[in-house]
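> I would like the atomic coordinates for the input below:
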Amino acid sequence: MRFGQKLEKKYTCIGVNGSSCAIKVTRRDSRCPSCKKIDKANYMAAYSPTYYLDNKKKIAARYQERKEEISERNKENREDRAAYEASRRQAHPEVHRAKNSRRRHRGIVKMDAFDRELSRAYRQAIKHDLCFYCGNPGEEDDHYIPLAKGGTDHWWNIVRACVFCNRSKKDLMPEDFISRNGLPTMVR
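Okay, the predicted model is just below:
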């Protein structure tokens, strides 16, 4: 051994669920790459969007039990969050200006005054519709083709969605969202 060279100890992989796989690793509490991959796959399967779809009522009930506690915590932290956001906006105004500019531009691209009025009227007409994706009561307007993927704010690109579906969909295309969550395809 040369002077200054570190002596690496070899440990056995701890494996998945405590079963050792006998592969040598450099850290004491570590896993080999294949065990890490299996562990990550198990974790993702347990916490996938289907978990939330299957347990919506249980999650909603748990939220209802803690609703007052959560609202109290939010009230206590409201000033702190507002101060933090204000300091971030003040420190980096260009980030927020650019973000808002991009968002506004994506929504109104290729729209004239008539299109904007038609879109507004359509939003009013569908405000009591059910969620387009799951059939629960619709609470928010969703862009069928997301603004991030080139969608616009035209009336034909707006559907009603429940909060869960709208937030879960994020910037996914509708076909991807429906297939990932195992939702029945709805005809538009």
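
> who's Val159 bridged to?
Asp142 (DSSP bridges).

> Now do whichever strand or helix holds Phe114: which elements does it pack against?
Applying DSSP states H and E as the criterion places Phe114 in helix 113-125. Applying 3 or more CB pairs under 8 Å, 6 or more residues apart in numbering; DSSP states H and E, one finds that helix 113-125 contacts strand 158-161. Where you see a C-beta, it was placed from the backbone N, CA and C, and this is true even at glycine.

> returning to that earlier point: could I get the CA-only coordinates of the helix holding Phe114 as CSV?
C-alpha atoms of helix 113-125 as CSV (Å, rounded to 0.1, in the frame of the first residue of the first chain):
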residue,chain,number,x,y,z
ALA,A,113,-61.1,39.9,-28.4
PHE,A,114,-64.0,37.8,-29.7
ASP,A,115,-62.1,34.6,-28.8
ARG,A,116,-61.4,35.8,-25.3
GLU,A,117,-65.1,36.8,-24.8
LEU,A,118,-66.2,33.4,-26.1
SER,A,119,-63.7,31.6,-23.8
ARG,A,120,-65.0,33.6,-20.8
ALA,A,121,-68.7,32.8,-21.7
TYR,A,122,-67.8,29.1,-22.1
ARG,A,123,-66.2,29.0,-18.7
GLN,A,124,-69.4,30.4,-17.2
ALA,A,125,-71.5,27.9,-19.1
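
> which residue is nearest the middle of this structure?
Closest residue to the average C-alpha location of the chain: Ser168 at 5.1 Å, with CA atoms, centre = their mean.

> Lys57 versus that one, what's the distance?
16 Å (CB to CB, to the nearest Å).

> residue boundaries of the helices in the chain?
For the chain, the helices defined by DSSP state H cover 33-46, 49-54, 56-91, 93-108, 113-125, 163-169, 174-181.

> Name all residues that make contact with the closest residue to Ala121 other than its chain neighbours.
Nearest residue to Ala121, sequence neighbours excluded (CB to CB, 6 or more residues apart in numbering): Trp155, at 7.7 Å. Taking CB atoms under 8 Å, 6 or more residues apart in numbering as the criterion, Trp155 is in contact with 115, 118-119, 121-123.

> Swap in 7 Å and give it another go.
118-119, 122 (CB atoms under 7 Å, 6 or more residues apart in numbering).

> Tell me the most packed of those residues, by neighbour count.
Ser119 (20 neighbours; other CB atoms under 10 Å).

> can you pull the contacts of Val163?
Here Val163 is in contact with 139-140 (CB under 7 Å, 6+ apart).

> do you know how far it is from Ala60?
11 Å.

> Could you do Leu118 as well?
If you go by CB to CB, the gap between Leu118 and Ala60 works out to 35 Å.

> pLDDT below threshold where in the protein?
1-20, 22, 24-29, 43-49, 101-109, 184-188 (pLDDT under 70).

> can you list the domain ranges for it.
11-47, 111-188 (automatic domain parsing).
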